[in-house]
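Trainee: Would you be able to build a 3D model of this:
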Amino acid sequence: MVNRMNFDIERNERVRKIEEIIQAYLPEQEGYQKIVMEAMNYSILAGGKRLRPMLMEETFRLFGGCHRELLEPFMSAIEMIHTYSLVHDDLPAMDNDEYRRGRKTTHVVYGEAMAILAGDGLLNYAFETAAKAFQAIQAPTEMEELILYKRVAEALAVLGRKAGIHGMIGGQVVDVREDADGVDQNRLEFIYHLKTGALMEASMMIGAILAGAGAEEVKKTESIAADIGFAFQIRDDILDVTSSQEVLGKPVHSDEKNEKATYVTIMDLNRASLEVERISERALQAFDSLGLENAYLKELIRRLIAREN
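Mentor: The predicted structure is shown next:
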């Protein structure tokens, strides 16, 4: 078990290093179109927990990965994709939020049109960034080089699927159709698994793939990440009711304002909390079943699910 003080120190140091990695891959603000780069960089440099690149990196460590030059482009790419989803999610056509991570949202600062383009730019630039892993491949033999090319290609395929219509975008589609189609618990679970869980799954799966994990290990990792994402989103529902804008860095009661169904509205606050505990325990048991050690990652999973912000 990692004690609280040591964990907080470790987490802050990891976040600092992740920030450096992300900044190294950001586009230069130049040319006639530099306003979109400025909006992209404003969005991604707004801070945040950097959970997805952190989960990717720690899973890479869990499986004994040693080619960090392949990992870092994907760490940056996953945060770019996550950020673009937030930029679009905050738009008036979606959640219409004016604050994110304690400051004005991108569309409030740059206008709706530029926010849409900044989101589009981040999504496209994420894949341009991830593809740089191919250029970083170096190996002493042709066979080892081919193995690394295969890992990067597989990681790119996972990134595309989990970010797309079969992943995060698919979940968002069902979410925005909620008013037209109605929502029940099964549909809500579908939304949560795709809209929130898919990028968590991508993060941990890519970390495992780039480290050289086997197919069964990657499949188990996907299942663990799915539960983490699911519990994380239910916890988010709870915090939207119980927390404050000062603590969260974004508006609270936004689900109620937008008349959105959540686990709290469907199940009630107490039952939603019990569901978080049940799913969390399942994820941690599955993590232990891998038979691998990363005390920091295990504690990170615990804290993600029990977080207060």
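
Trainee: Cross-check the contact I'm expecting between residue 208 and residue 58.
Mentor: No: Residue 208 is beyond contact range of residue 58, at 10.7 Å (criterion: CB atoms under 8 Å). (Glycine included, C-beta is placed from N, CA and C.)

Trainee: Would you mind telling me which of these two has more residues around it?
Mentor: For the pair residue 208 and residue 58, the greater number of neighbours falls to residue 208 (27 against 19), based on other CB atoms under 10 Å.

Trainee: residues touching that one, list them.
Mentor: 59, 60, 62, 63, 217, 218, 221 (CB atoms under 8 Å, 6 or more residues apart in numbering).

Trainee: And stretch 217-236, what's buried?
Mentor: 217-218, 220-222, 224-236 (16 or more other CB atoms under 10 Å).

Trainee: Can you name the residues in contact with it?
Mentor: Taking CB under 8 Å, 6+ apart as the rule, stretch 217-236 contacts 55, 59, 63, 189, 192-193, 195-201, 203-205, 207-209, 213, 263, 272, 275-276, 279-280, 282-283, 286-287, 289-290, 301, 304-307.

Trainee: before we move on, the earlier item: just checking, which of the buried residues of stretch 217-236 belong to strands?
Mentor: If you go by DSSP state E, the buried residues of stretch 217-236 have nothing in strands.

Trainee: Is it correct that residue 42 is in contact with residue 106?
Mentor: Yes: using CB under 8 Å, residue 42 is in contact with residue 106, at 6.3 Å.

Trainee: what residues do the two have in common as contacts?
Mentor: In contact with both residue 42 and residue 106: residue 118, using CB under 8 Å, 6+ apart.

Trainee: Of the two, which one has the most company?
Mentor: The neighbour comparison of residue 42 against residue 106 (other CB under 10 Å) goes to residue 106, with 29 against 18.

Trainee: From residue 298, how far out is residue 183?
Mentor: As judged by CB to CB, to the nearest Å, residue 183 and residue 298 stand 33 Å apart.

Trainee: Repeat that for residue 164.
Mentor: Taking CB to CB, one finds residue 164 at 30 Å from residue 298.

Trainee: More neighbours: these two, which one.
Mentor: residue 298 (17 against 13).

Trainee: contacting residues around that one?
Mentor: 284, 287.

Trainee: Cheers, nothing more for now.
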